[in-house]
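Q: Let's see this in three dimensions:
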Amino acid sequence: MRRRAMAWTTAWTTATLALGLLCATMMSIAPAAQRRGGPPPPPSKPTPHHADGRVNLGPPPGETGLWTPIGIVQLSLNPKSVNRASPGSHLPDNITLEAVPFQPWARALHASRQANFESDEPHTRCKASGAAREFITPYGVDIVDMPETKRIYIFDVGGPHTFRTIYMDGRPHPKDLDPSYYGHSVGHWEGESLVVDDVGYNTKFWMDREGTPHTEQLHLIERFTRTDFNTLKYELTVDDPGAYTAVWTGGFLMRWQPATDPWEYICQDNNRSPQGMVGSEGSGSRNRKRIIP
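A: As a prediction, this is how the structure comes out:
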């Protein structure tokens, strides 16, 4: 009887320890998976709207949340990329890399950046990233609509922890813009979509994670459409006669991460992507002498 009791106690203790270990493991995995895009959420609710009928691109009143890419995403489909896109992350009519109307120098530069394993990207050195690259980060963005100021702000969680402003008051672009990382953005609503016109970019950032080139002639049209509560469709039209022979469009999907707030992230002191830097742990080639600081 005593042996049976001891055996039962031992089995119960072992099972309890195993269950505790499993729970601890799942708890540690869940936040990391969420930050990386994680598993898909449950069936989505309808697209939320403000009282005045405008689409709400943020959380409902009293709640929090962020938009994150669905895994690794691409503006143009490139199955040979050093960062393979996640299934289901792209739009049905996305352009392929071969169809992008690069000028010869721009195609060669793109190929060079891929061959160098994207190891000299400014984003990994805590530089702000405009265009689509702003949304292609593991930790997402916070979209804050402030109708009383006629502005929408997009706050970056990772990277240099910066933000951009979209002016919704009908103003034109200034004629004497000083080129910057985020350029100058003016927006308006077209039905259920926020449409943003952007100009005034510098060339100190990559337009996407792939290293798609651009010049200071870059003119972008962004379209944000919240197709349901959990999904944000991002479409980008690229017009840059300095780098392309024609206008082209790409895009991807983002996922809503509920009950999530931006947290303090000082990229210079807490770079969570050291593997993206040249020579770190053998991840990048040191053949390139020009390293962006």
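Q: For the residue nearest to Gly211 when sequence neighbours are not counted, grab phi and psi.
A: In space, and not counting its chain neighbours, Gly211 is closest to Arg113: 3.2 Å by C-beta to C-beta, 6 or more residues apart in numbering. Using the backbone N, CA and C atoms, a C-beta is placed for each residue, glycine as well. Main-chain torsions, Arg113, degrees, to the nearest 10: phi -70, psi -40.
Q: residue contacts, Arg113?
A: The contact partners of Arg113, by C-beta atoms under 8 Å, 6 or more residues apart in numbering, come to 120-121, 206, 210-211.
Q: Selection in ChimeraX covering whichever of those residues are buried, please.
A: Per 16 or more other C-beta atoms under 10 Å, the buried members of the contacts of Arg113 correspond to this ChimeraX selection:
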select :120,121,206,210,211
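Q: Specify the beta-bridge partners of Ile154.
A: Beta-bridge partners of Ile154, counted by DSSP bridges, are Ile143, Arg164.
Q: Which pLDDT value does the model give it?
A: pLDDT recorded at Ile154 is 97.
Q: Distance-wise, check it relative to Asn94.
A: Distance, Ile154 to Asn94, by C-beta to C-beta, to the nearest Å: 22 Å.
Q: for His173, same thing?
A: Note on His173: its distance to Asn94, by C-beta to C-beta, is 28 Å.
Q: higher neighbour count, these two?
A: Asn94 (19 against 15; other C-beta atoms under 10 Å).
Q: quick one: contacts for the more buried one?
A: Contact partners of Asn94, counting by C-beta under 8 Å, 6+ apart, are 74-77, 250-252.
Q: Need these in TSV (columns: pLDDT).
A: Conversion of these to TSV gives the following (pLDDT from 0 to 100):
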residue	pLDDT
Gln74	94
Leu75	95
Ser76	95
Leu77	94
Gly250	96
Gly251	96
Phe252	96
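Q: The nearest residue to Leu220 once chain neighbours are set aside: how many residues sit nearby?
A: Excluding the flanking residues, the one nearest Leu220 by C-beta to C-beta, 6+ apart is Asp198, at 4.2 Å. By the measure other C-beta under 10 Å, the count of residues near Asp198 is 22.
Q: surely Asp198 meets Ser185?
A: Yes - with contact defined as C-beta atoms under 8 Å, Asp198 counts as touching Ser185 (4.9 Å).
Q: Spell out which residues are contacts of both of the two.
A: In contact with both Asp198 and Ser185: Glu222, using C-beta under 8 Å, 6+ apart.
Q: what's the helix or strand for the residue nearest to Leu220?
A: Here Asp198, judged by DSSP states H and E, is contained in strand 193-199.
Q: Helix or strand next in line after the worst-scoring helix or strand of the chain on mean pLDDT, which one?
A: Lowest on mean pLDDT, DSSP states H and E among the helices and strands of the chain sits helix 2-35, with a mean of 42. Sequence order places strand 65-69 as the next helix or strand after helix 2-35, per DSSP H and E.
Q: Give the other helices and strands that that next one contacts.
A: For strand 65-69, the elements it packs on are strand 141-146, strand 248-258, judged by 3 or more C-beta pairs under 8 Å, 6 or more residues apart in numbering; DSSP states H and E.
Q: make it 6 Å
A: strand 248-258 (3 or more C-beta pairs under 6 Å, 6 or more residues apart in numbering; DSSP states H and E).
Q: Just the buried residues of the strand it packs on, please?
A: Within strand 248-258, the residues that qualify as buried are 248-257, counting by 16+ other C-beta under 10 Å.
Q: Report the two of these separated the most.
A: Trp248 and Gln257 (29.8 Å; C-beta to C-beta).
Q: quick one: low-confidence parts of the stretch 1-150 of the chain?
A: 1-42 (pLDDT under 70).
Q: average pLDDT for stretch 209-226?
A: 97.
Q: OK, contacts around the spatially closest residue to Thr162 that is not a sequence neighbour?
A: Nearest residue to Thr162, sequence neighbours excluded (C-beta to C-beta, 6+ apart): Ala128, at 4.8 Å. Each residue near Ala128 by C-beta atoms under 6 Å, 6 or more residues apart in numbering is listed here: 160, 162, 181.
Q: hey, where'd the strands end up in the stretch 51-200 of the chain?
A: 65-69, 141-146, 151-156, 163-167, 184-190, 193-199 (DSSP state E, counting those that start in this stretch).
Q: circling back: closest one of the contacts of Ala128 to Asp145?
A: Nearest to Asp145 out of the contacts of Ala128 is Thr162 (C-beta to C-beta; 18.5 Å).
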